[in-house]
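Q: Fold the following and give me the result.
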Amino acid sequence: MFKNKIKVLITALFCFIFLGNVYAKSDTTYDELRKMIDIMEIIDNKYVEERENKDLIIGAIRGLVRTLDPYSQYMTEKDYKDMKTETQGSFGGVGIRITIQNNELTVVTPMPDTPAYYAGILPEDKIIKIDDKSTQDITSDEAVKLMRGNPGTKVVLTIYRPSTKEELTFTIIRKKIKIETVKKKMLDGNIGYIRLSEFNAQSYNDVNNMLKELSKENFKGFIFDLRNNPGGLLDSAINICSLFVKENSLVVSTKCKDKTMEQYYYTQKKPEFANIPIVVLINRGSASASEIVTGTLQDYKRALVIGSNSFGKGTVQTILPLSDGSALRLTIAKYCLPSGRMISHSDNKKDKKNGITPDIFIEVSPETEGKLYMQAESEDSPKNKDKKEEIKDEVLETAIKIIKAGKVEEYIEKPSKYEQDFPKEEVKSEDKKEQNSTEKKTDKSVKEK
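A: Sure thing, here's the model as predicted:
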C-alpha cells in the first residue's frame, strides 16, 4: 500500500518534470526517483520506529530545497502561517540577525540595545545549540522561532566563536525588540557622521533630514557608517543612493534564470548631496541593502570605502504559496551592481573576498568590533558618565584623517596612494617579542581547553 502511494506521488512529480520543459535533463531523473521509492519502502518496513509517510515526504522535500542555498526553504502550512503573522504586533526576542553560512547557523550581527547585544554575541559567532536543541540542519526560520518568546522568558544559546576557538554559553532574557536605526553627530573638523543600523521605510527621510541639519553647520565631509547593518528594504537603499548619485543612474539589477524576469532599479531623484566627499565604513556584519548602497557608491566613485569585506548577502528571495497551504521560499535572482559585479556570498571557505571589498582594508577582530559597537551605543547614555578608557576605532579614525587631509577623491581614484601617504608604523622589536609571547600563551590555553 505504501509503495503504491509513493509510486503515484513520484509518477506525478516525474510528469511535472517533463511538463516543465526539462526533458533533456531528465534522462537519469527517473532512476534517481526509483531509488527514493526503494529507500522510503525500506524505511517503512524496517526502521525501528513508526514514521508517518507525510513526515518522510516533507523531510525529503526539505532536504531537496536545502541543497540549493542557505536562503531557500520549504514551509509547511503552519510554518507559512507563522511567518505571515510574526511581523504583526509585538514579540519577545534576543535581537540578532542570523543566516546559514557553510551549513552553520551564523550570527550576521546583534542589533543595538537588545539582549544579545548586551550579552556579548558577536558577528560570525556560530550558534550550535538553542536551549537543548542542536542547530545542525536547522533552517534560519526554525532558529528564529526557537529564540523568540514572551518578554521576560529566558533562552540559552551555546555558540562557537571561530576567532578564539571557544565554546561559550549565554543565558539571555527575551524582551520586546525596539531598534533606533539611525544616529548622527558632528565630529571635530566639521565632519558629519551618520550611523545607520537597518534600512527601513523611514531610513531615507531620516538620513536626508540629518544631512540637511549637518549641512547647516557647513560640514566638509560625510562618514556613512554601515558597519553591522544587516540590510532591509531595497527601496530605502535605492532612495539613499539618490541623495548622492545623479538621477536615472542604475543602482542595482537582478540576474535570473528566466531573463524576462530580470529587473533594473534606477535613482529617481536629483541628488541633494552630489558633491560632498563621502567615506563609507563596512565590516563583516554589513549585508544586503548595505552592500548595495556601498557597492553602488563605490562603482560610481562617489565614496571611499574603508573597513573589511562585507557579508555577501546578494540574493533575492520570493515566497511561492502551494495549493495545500504550504509555501516555498526560493532564491530567484542575484543582485548585480552597476559595474556588473555580484555581491553574493560564496560557500567556498577558502574564498576570502566575499561581498564588497573596501578600497582601504583594515582588519579588526570580531571581539574588538563588538566592544566598539557597545562603545558607540553607550556613549550617549547617562549611565556612561564614568567612562573607562575608550577603545581606539581605527576604521573611523582613518576616515576622519582622510577627510581632514582633503584626500577622499584622490584615494577613490587610487586607493594605494593612502599607504604611500600614511605608511604603517613598524612594530618595535620589543613589542613584537611581547606580542609573540602573548600569542603562544593564548594558543596554549586554547589547546588545554
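Q: So what's the residue count around the spatially closest residue to Pro277 that is not a sequence neighbour?
A: Excluding the flanking residues, the one nearest Pro277 by Cβ to Cβ, 6 or more residues apart in numbering is Val408, at 3.9 Å. The C-beta positions use only the backbone N, C-alpha and C, and glycine is treated the same way. When neighbours are counted by other Cβ atoms under 10 Å, Val408 registers 20.
Q: Identify the residues contacting Val408.
A: Val408 sits next to 221, 277-279, 304, 402 when contact means Cβ atoms under 8 Å, 6 or more residues apart in numbering.
Q: Just the ones of those in helices?
A: Within those, residues falling in helices by DSSP state H are Ile402.
Q: Thr254 touches Glu262, doesn't it?
A: Yes. If you go by Cβ atoms under 8 Å, Thr254 and Glu262 touch, sitting 5.5 Å apart.
Q: Could you identify the most distant pair in the contacts of Val408?
A: Ile278 and Ile402 (11.1 Å; Cβ to Cβ).
Q: shared neighbours, those two?
A: 304, 408.
Q: follow-up on the earlier one: which of the contacts of Val408 fall in strands?
A: Counted as lying in strands by DSSP state E, out of the contacts of Val408, are 221, 278-279, 304.
Q: my guess is Arg227 contacts Asn283, does it?
A: Yes. At 4.5 Å, Arg227 counts as touching Asn283 under the criterion of Cβ under 8 Å.
Q: can you pull out the helices in the stretch 201-350 of the chain?
A: For the stretch 201-350 of the chain, applying DSSP state H, counting those that start in this stretch gives helices covering 203-215, 234-241, 289-299.
Q: Common neighbours of Thr254 and Glu262, please.
A: Among the neighbours of Thr254, those also in contact with Glu262 (Cβ under 8 Å, 6+ apart) are Ala333.
Q: picking that back up, highest average neighbour count across the helices of the stretch 201-350 of the chain?
A: Among the helices of the stretch 201-350 of the chain, the stretch with the highest mean neighbour count (mean count of other Cβ atoms under 10 Å) is helix 289-299, at a mean of 27.
Q: picking that back up, more neighbours: which of Thr254 and Glu262?
A: Neighbour count, other Cβ under 10 Å: between Thr254 and Glu262, Thr254 has more, with 18 against 13.
Q: Now do the contacts for the nearest residue to the more buried one once chain neighbours are set aside.
A: Distances taken as Cβ to Cβ, 6+ apart place Ala333 nearest to Thr254, at 3.8 Å, with adjacent residues excluded. Residues in contact with Ala333 (Cβ under 8 Å, 6+ apart) are 254-256, 261-263, 315-316.
Q: Just the buried ones from the residues you listed?
A: Buried members of these, scored by 16 or more other Cβ atoms under 10 Å, are 254-255, 315-316.
Q: will you turn the contacts of Ala333 into TSV that also has distance to Glu32 and pLDDT?
A: Formatted as TSV, these follow (distance: Cβ to Cβ, whole Å; pLDDT from 0 to 100):
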residue	distance to Glu32	pLDDT
Thr254	31	93
Lys255	29	91
Cys256	26	89
Met261	28	87
Glu262	31	91
Gln263	34	94
Thr315	27	87
Val316	29	85
